[in-house]
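Visitor: coords please:
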Amino acid sequence: MSMKIEQLAVDPKDEVFQVELRGLEPVPADRRRGRPRELTFIWAGALADFFSLYAGALLISAAGLGFWDASLALLAGAAAGGALLGLLSVTGVRSGAPQIVHSRAVFGRRGAVVGGFLTMTIGVGWFAYDCAVAVTTVRALPIFSSTPEVVGGLLLLGMVGVSVLVAVYGHRTLSLFQHLQAPAFLVVCVALAALTVQHWNLTLQSRLATGPHLAAMALGFTLTFALVVSWVTYAGDYSRYLPQRSSGARVAWAAGGGTAVTLVLCGLLGAAIQTAAPGVLLPNLIVRLVPLPFAYCFAAFILVAELSSNYLDVYSAALCALAIGLRIARWAAALAMGLVGGAIAALVLFAGSGFQGNYVNFLTLTYVWFPAWAVVVILDQRFRGAKVVPADLVRPRGYWYHGGVRWRAMAPFLAGTLATILFYNEPPPPGEWGFVSPLAAHLFAGQPADISGLVGMAVAAAVYLLLRERDPRARALAPARGRP
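Guide: Numbers count the residues shown, from 1 in each chain. This next block holds a predicted model:
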């Protein structure tokens with residue numbers, strides 16, 4: 001007999017090294033515990049990795065900025081992204097439901113499937129890419145250049161295995177690992193700073209003319225902003241176990257601050273190290289500047305730190321798979337998502353640099369829908385008169401609206417996403433697939449400036465507020481109970 005996983009009458013516990021049995025059903029008030037500061041470690045762990053270092057370095061080596069203007073772009077992008085993630089984390093506390101499940105109240109049960117499918121796909125995709133690139137980065141270091149190819153496969157197998165195991169255990173085990181790994185990586189970063197500080201050139205200035213310089217600043221902001229915003233559809237997944245009485249402000253500061261502060265600290269360090277030799281790849285530059293024993297230690301931490309974001313990718317992708325209709329247990333969904341991601345990672349790792357470049361450009365393009373989606377959910381939480389009814393989120397006809405879609409939210413989301421696409425402007429390297437909209441190409445005259453996310457958010461907000469003001473029932477909108 002088939003059984004809907006969402007409707008199982010279970011009373012699961014959330015304990016360390018016990019498989020989390022809860023799926024999509026909202027967490028009851030008597031099963032919630034913890035403090036908002038737990039989110040600081042969870043989200044600090046997501047950003048405490050080599051890619052945060054590399055993000056800061058790219059603003060110097062690729063964008064052509066100096067240290068201080070790169071720092072400004074990094075700070076602005078991280079703060080804006082952290083604000084969105086922090087505000088969305090409050091939804092999990094209020095409803096006790098995963099982020100995509102909560103969005104059913106905003107977009108309708110069927111409307112939420114759009115975000116659920118995209119999040120699942122992107123979660124698996126980034127998990128695969130992060131695994132492959134971490135292994136590739138370590139193998140590219142001179143100290144590992146002579147190792148046989150099988151070493152790369154073993155490293156990948158280990159990363160996938162640990163990531164999937166933690167995601168299968170679930171929320172509490174994941175939280176424990178983040179509490180341990182995030183501070184450990186930051187300690188390594190402190191040691192890295194101490195060993196390289198004598199080589200920094202913090203007076204490095206950009207040699208770009210005024211127009212290209214402003215374009216590079218805009219691109220730097222967007223790249224940093226996107227690095228945080230790509231996590232927003234996960235936000236409620238990790239705050240739903242906090243007590244409902246938790247302060248919304250503290251939840252937002254803990255989650256948003258955890259991402260922003262970590263990204264800024266790691267990014268500034270990466271940028272500072274890159275000033276020593278702007279034309280040298282950051283991994284090779286680090287190996288050149290630090291003692292050999294520490295180089296081995298740092299290479300190991302590239303792999304370990306990358307696991308911190310992998311846990312979240314697999315865990316949230318599994319929840320999204322359930323939310324769009326997969327009828328298996330949560331732990332089984334996590335296992336399935338991890339295995340699919342591992343297979344894609346192997347393809348990325350061994351398919352050659354051309355495939356890798358096109359694959360990451362594709363994943364980067366998927367960012368276009370995040371800003372508008374986040375703004376609509378946040379505005380709906382702020383302005384909508386009625387509170388979300390947790391039980392309706394998992395009822396088959398709960399929040400059904402018109403055919404399962406609430407168009408007063410879907411329309412702003414789609415309009416904002418279209419605006420983001422129209423202004424999207426990140427030219428790919430020669431010979432690789434990418435996308436630059438004709439409007440952006442004309443507006444920026446070939447300069448790699450990108451303001452697409454800001455435009456998308458502004459359009460989504462304007463359309464949402466316009467439709468809300470035109471709806472006389474908006475201030476007292478009750479949850480749609482759906483058809484029986």
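Visitor: who touches the closest residue to residue 123 other than its chain neighbours in this structure?
Guide: Leaving out its chain neighbours, the residue that sits closest to residue 123 by C-beta to C-beta, 6 or more residues apart in numbering is residue 317, at 3.4 Å. No exception for glycine: its C-beta is placed from N, CA and C like everyone else's. Residues near residue 317 by C-beta atoms under 8 Å, 6 or more residues apart in numbering: 119, 120, 123, 124, 127, 334, 337, 341.
Visitor: what do you get for residue 419?
Guide: Shown in contact with residue 419 (C-beta under 8 Å, 6+ apart): 372, 452, 455, 456, 458, 459, 460.
Visitor: give me that answer again for 7 Å
Guide: Counting by C-beta atoms under 7 Å, 6 or more residues apart in numbering, residue 419 touches 455, 456, 459.
Visitor: what sits closest to it if chain neighbours are left out?
Guide: Leaving aside its chain neighbours, residue 419 sits nearest to residue 459 (4.0 Å; criterion: C-beta to C-beta, 6+ apart).
Visitor: tell me which element that neighbour falls in.
Guide: Residue 459 is part of helix 452-470 when elements are defined by DSSP states H and E.
Visitor: which parts of that helix are buried?
Guide: Using 16 or more other C-beta atoms under 10 Å as the test for burial, helix 452-470 gives 452-461, 463-464, 467-468.
Visitor: and that helix, what does it pack onto?
Guide: When contacts are defined as 3 or more C-beta pairs under 7 Å, 6 or more residues apart in numbering; DSSP states H and E, helix 452-470 packs onto helix 210-229, helix 370-383, helix 407-422.
Visitor: save the ones you listed as TSV, and put in distance to residue 291 and mean pLDDT too.
Guide: Shown next, in TSV, are those (distance: least, C-beta to C-beta, whole Å; pLDDT from 0 to 100):
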stretch	distance to residue 291	mean pLDDT
helix 210-229	30	90
helix 370-383	41	94
helix 407-422	45	96
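Visitor: ends of stretch 318-331, how far apart?
Guide: 8 Å (C-alpha to C-alpha, to the nearest Å).
Visitor: residues contacting residue 375?
Guide: By C-beta under 7 Å, 6+ apart, the residues touching residue 375 are 416, 457, 460, 461.
Visitor: tell me the contacts of the third one?
Guide: Listed by C-beta under 7 Å, 6+ apart, the contact set of residue 460 reads 372, 375, 376, 412, 413, 415, 416.
Visitor: switch the buried residues of helix 452-470 over to JSON lines; also include pLDDT and distance to residue 206.
Guide: Compiled in JSON lines, those are given as follows (pLDDT from 0 to 100; distance: C-beta to C-beta, whole Å):
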{"residue": "452", "pLDDT": "91", "distance to residue 206": "23"}
{"residue": "453", "pLDDT": "92", "distance to residue 206": "23"}
{"residue": "454", "pLDDT": "93", "distance to residue 206": "22"}
{"residue": "455", "pLDDT": "95", "distance to residue 206": "25"}
{"residue": "456", "pLDDT": "95", "distance to residue 206": "27"}
{"residue": "457", "pLDDT": "97", "distance to residue 206": "27"}
{"residue": "458", "pLDDT": "97", "distance to residue 206": "28"}
{"residue": "459", "pLDDT": "98", "distance to residue 206": "31"}
{"residue": "460", "pLDDT": "97", "distance to residue 206": "32"}
{"residue": "461", "pLDDT": "97", "distance to residue 206": "32"}
{"residue": "463", "pLDDT": "97", "distance to residue 206": "37"}
{"residue": "464", "pLDDT": "96", "distance to residue 206": "38"}
{"residue": "467", "pLDDT": "91", "distance to residue 206": "43"}
{"residue": "468", "pLDDT": "82", "distance to residue 206": "43"}
